[in-house]
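> Got a predicted structure here, sequence first:
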Amino acid sequence: QKEVEQNSGPLSVPEGAIASLNCTYSDRGSQSFFWYRQYSGKSPELIMFIYSNGDKEDGRFTAQLNKASQYVSLLIRDSQPSDSATYLCAVTPSGSARQLTFGSGTQLTVLP
Amino acid sequence: DAGVIQSPRHEVTEMGQEVTLRCKPISGHDYLFWYRQTMMRGLELLIYFNNNVPIDDSGMPEDRFSAKMPNASFSTLKIQPSEPRDSAVYFCASYRQGNEKLFFGSGTQLSVL
């Protein structure tokens, strides 16, 4: 059983729409949650991290965490073609970026 | 800052050969990680170091894999002997305690024929 689950997609949204990416995790001891973006042929780069239940906003990105449901999501508002990439959810039992367990990623395509 | 530097970018080798992947973390970072990425298994943590000491190598697939960090600015991941199923992109990453951002290198695309 994979510890971090994501819909592999592909997910397609029109330019300007809201893209919603979802992730569930199995370890109730998970403390920290991260979203990474990976362009094709490139390395992952951190978009956001969240520790507490609720929403965390950063520009066009909003991360949402519900520990009771073991669910974390990423919303991208006003999606742009440059947002087209694979989005990786990662969790860790520690309070830091150590020992991240990654999901398999959701491929997002934003159509112009 | 040059970021995390990995070499080589691409490696093509034949089954049974020894492969050595290299990594230079960002200066001042006290944690270094080796990850492997494949289509089937996604991004997997192989091993990580803290202050040059291996902390958790439970992700290393088998004894054919070994990793070292002789000093704060250099680490190697060695596969001996290599097998076709080792074909993947191997990423090195580093971060500094207290800063939640994990910095990845550009990766090494390994193909074992």
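Noted; the coordinates are in hand. Source: prediction; values computed, not measured.

> Does B:Arg22 touch B:Ser75 like I think?
Yes. The pair B:Arg22 / B:Ser75 is scored as a contact, 7.5 Å apart, by CB atoms under 8 Å. The way it works is simple: take the backbone N, C-alpha and C, and place the C-beta from them, glycine included.

> So those two - more neighbours on which side?
Comparing B:Arg22 with B:Ser75 by other CB atoms under 10 Å in any protein chain shown, the one with more neighbours is B:Ser75, at 25 against 16.

> Now for that one: which residues touch it?
Contacts for B:Ser75 (CB atoms under 8 Å, 6 or more residues apart in numbering or on different chains) come out as B:Arg22, B:Cys23, B:Lys24, B:Pro25, B:Leu32, B:Trp34, B:Phe49, B:Ala67, B:Lys68, B:Met69, B:Cys92.

> again, 7 Å this time
Applying CB atoms under 7 Å, 6 or more residues apart in numbering or on different chains, we find B:Ser75 in contact with B:Cys23, B:Leu32, B:Phe49, B:Ala67, B:Lys68, B:Met69, B:Cys92.

> how about JSON lines for these, with secondary structure added?
Shown next, in JSON lines, are the contacts of B:Ser75 (DSSP: H, G, I helix; E, B strand; the rest coil):
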{"residue": "B:Cys23", "secondary structure": "strand"}
{"residue": "B:Leu32", "secondary structure": "strand"}
{"residue": "B:Phe49", "secondary structure": "strand"}
{"residue": "B:Ala67", "secondary structure": "strand"}
{"residue": "B:Lys68", "secondary structure": "strand"}
{"residue": "B:Met69", "secondary structure": "strand"}
{"residue": "B:Cys92", "secondary structure": "strand"}
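
> And the furthest pair within the residues you listed?
Farthest pair in the contacts of B:Ser75 (CB to CB) is B:Lys68 and B:Cys92. Separation: 12.7 Å.
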